[in-house]
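A.B. asks: Let me see the structure of the following:
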Amino acid sequence: MLAVWTAEIAPDRSGEALTVVVAVGATAAVVAPVVVGLLLGVVSLTAVLVGLAVLLVAAAGVLMARTGTPAPPP
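C.D. replies: Below is the predicted model of the structure:
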């Protein structure tokens, strides 16, 4: 699925795009539990989950605003 998606968004550099997507996903998989663990020592689980939801909605809003209709292939 990721290989198809990266080939769609960056057809001329799909290999590099896939590498970046996998690297970012792997980094997030390691960093996220550490950050959540540290936050749970300070705030409640509810606050962490609500904060994450707000962050995800904001990120989706930014991405949706920047995304236009892709040009048709040549």
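A.B. asks: Any idea which helix or strand in the chain has the lowest mean pLDDT?
C.D. replies: Lowest by mean pLDDT, DSSP states H and E among the helices and strands of the chain is helix 2-9, with a mean of 79.
A.B. asks: What angle do helix 2-9 and the helix or strand that it is followed by make with each other?
C.D. replies: Per DSSP states H and E, helix 2-9 leads on to helix 14-40 as the next helix or strand towards the C-terminus. Counting by axes from the mean of the first three to the mean of the last three C-alpha atoms, to 10 degrees, helix 14-40 lies at 120 degrees to helix 2-9.
A.B. asks: Buried residues, helix 14-40. List them.
C.D. replies: S14, A17, L18, V21 (16 or more other C-beta atoms under 10 Å). Glycine gets a C-beta too; all of them are placed from N, C-alpha and C.
A.B. asks: ok, and what's touching the least confident helix or strand of the chain?
C.D. replies: The contact list for helix 2-9, computed with C-beta atoms under 8 Å, 6 or more residues apart in numbering, reads S14, A17, L18, V21, V22, P70.
A.B. asks: now do 6 Å
C.D. replies: Contact with helix 2-9 is made by S14, A17, L18, V21, as judged by C-beta atoms under 6 Å, 6 or more residues apart in numbering.
A.B. asks: Equivalent analysis for stretch 27-40, please.
C.D. replies: Taking contacts as C-beta under 6 Å, 6+ apart, the residues outside stretch 27-40 that touch it are V48.
A.B. asks: what's the pLDDT at G68?
C.D. replies: Listed pLDDT for G68 reads 61.
A.B. asks: Sketch out the low-pLDDT regions of this structure for me.
C.D. replies: Scanning the chain for pLDDT under 70 picks out 67-74.
A.B. asks: what about 80?
C.D. replies: Counting by pLDDT under 80, the chain shows low-confidence ranges at 1-3, 5-6, 9-10, 63-74.
A.B. asks: Okay, buried residues for the helix or strand that contains A60 please.
C.D. replies: Element membership of A60, judged by DSSP H and E, is helix 45-66. Residues V48 are the ones in helix 45-66 that count as buried (16+ other C-beta under 10 Å).
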